[in-house]
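Undergrad: no FASTA, just this:
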């Protein structure tokens, strides 16, 4: 009996090992394929008046990831999400505006149960009534031509910088359709670090304002934020005859400035420009509300670094300046002494003053004699004038900035500004 029992136990051990060898490995190969959308209802460019969207995915969903994976534009206050194994149903509870496009984006943070995310964000365009279908197309130029082979990230925002949707593409051209007729902000960059956001130190970038009612073709220039070059950071029409450009640093010299009307490619006439540190003020003939592109060419900084071209777009303005200019400061100040027989006077205004619109007089108080002056600098916020004859030592003088002095729009100073001073020359001894 003991021998049989031992044999029985040995046989069971052998059978157990054999069965273990025949068993398939647990788990199988790891699933690393991205999550994909199989179908969506309604389909792209269809009506959403039923207020329901159903999405079918190719794999089982991680239900926790679904909660924040959807984005509507215009933003909605209330909608319900129901999730089953491979599908999601969204029910909109807000009232929808008639004949308005709705942009619905499925973000790439939705995941399957193996932690694989959606292969890329996907935006669907729906309508509640008539579909608005203006279109923006464009091409992309590159600072570094090798970037043309990489994926580009294009982000569309409304004029208030609220994100509408984004798309990833490889070509050097793009098109966006199904748009309302209004202004948009286009941002484009190359995500070289693959972190889903723009890295200013490593990646090329461009941003522009586009009015889809007037222009449909745009040119994006993907350039790097090179701190050794002067670039235009922003452009804005302050009034119907004044444009302000903010630069990345103070330039030494700008060789050429051009403003082009994008509607008909004509040039907006530039009367003159004034550089105030890193702010470039450009005085133009009257604009309208169309889109313009400003091109600054051959810019040099103090270290002779050259920027061949920097481009910015802006919307023109029909707003006229109706405010009187103000004299902010003077040097010398009223009641002070000057130590030069031919002094210069620096006058800082809150607006640009043209040389032809500046009116002043210089009088010797003791005799009433008028002293001629000449303008050293104008067409700027800062006007500098100089006495043309030597002034007498220990005599008092009165400089009058006349109320006839005007700004670019013809608004005059409210009152004369009086600056009295005494000449006190230093003794040679």
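TA: That came in fine, so what should we check first? Keep in mind it's a predicted model, so treat the numbers as computed, not measured. Numbers count the residues shown, from 1 in each chain.
Undergrad: So which residue is dead centre in this structure?
TA: residue 207 (5.0 Å; CA atoms, centre = their mean).
Undergrad: Quick check: phi and psi on the nearest residue to that one once chain neighbours are set aside?
TA: Leaving out its chain neighbours, the residue that sits closest to residue 207 by CB to CB, 6 or more residues apart in numbering is residue 187, at 4.8 Å. For glycine as for every other residue, the C-beta is placed from the backbone atoms N, C-alpha and C. Dihedral pair for residue 187: phi -120, psi 140, per degrees, to the nearest 10.
Undergrad: quick one: the helices in the stretch 1-150 of the chain?
TA: Assigned by DSSP state H, counting those that start in this stretch, the stretch 1-150 of the chain shows helices spanning 2-22, 63-66.
Undergrad: Low-confidence stretches in this structure?
TA: Applying pLDDT under 70 to the chain picks out residues 1-28, 214-216, 226-227, 427-429.
Undergrad: repeat that with 80
TA: 1-29, 159-160, 196, 200-201, 212-217, 225-228, 303, 426-429 (pLDDT under 80).
Undergrad: so who does the residue nearest to residue 50 when sequence neighbours are not counted touch?
TA: Among residues not flanking residue 50 along the chain, residue 42 sits closest, at 7.5 Å (CB to CB, 6+ apart). Going by CB atoms under 8 Å, 6 or more residues apart in numbering, residue 42 touches 48, 50, 53, 126.
Undergrad: I'd like the residues you listed written out as TSV, with distance to residue 406 and neighbour count added.
TA: Conversion of the contacts of residue 42 to TSV gives the following (distance: CB to CB, whole Å; neighbours: other CB atoms under 10 Å):
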residue	distance to residue 406	neighbour count
48	56	20
50	62	12
53	60	23
126	54	22
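Undergrad: Tell me which two of those residues sit farthest apart.
TA: With CB to CB as the measure, no two of those lie farther apart than 50 and 126, at 10.1 Å.
Undergrad: rewinding a little: from the contacts of residue 42, which land in strands?
TA: With DSSP state E as the criterion, strands contain 53, 126 from among the contacts of residue 42.
Undergrad: before we move on, the earlier item: wait, is the residue nearest to the centre of the chain part of a helix?
TA: No: per DSSP: H, G, I helix; E, B strand; the rest coil, residue 207 lies outside any helix segment and is strand.
Undergrad: shouldn't it be in contact with residue 185?
TA: Yes: applying CB atoms under 8 Å, one finds residue 207 in contact with residue 185, separated by 6.6 Å.
Undergrad: Burial check on residue 251, number of neighbours?
TA: Using other CB atoms under 10 Å, residue 251 is surrounded by 20 other residues.
Undergrad: contacting residues for it?
TA: So residue 251 contacts 230, 275, 278, 299, 300, 301 (CB under 8 Å, 6+ apart).
Undergrad: partners of the host helix or strand of the fourth one, with directions?
TA: In the assignment (DSSP states H and E), residue 299 maps to strand 291-300. Here strand 291-300 is paired, per DSSP bridges, with strand 253-261 (antiparallel), strand 306-315 (antiparallel).
Undergrad: and of the ones you listed, who's closest to residue 80?
TA: Closest to residue 80 of the strands paired with strand 291-300 is strand 306-315 (CB to CB; 39.4 Å).
Undergrad: tell me which residues of that closest one are tucked away?
TA: Residues of strand 306-315 classed as buried: 307, 310, 311, 312, 313, 314, 315 (neighbour count, 16 or more other CB atoms under 10 Å).
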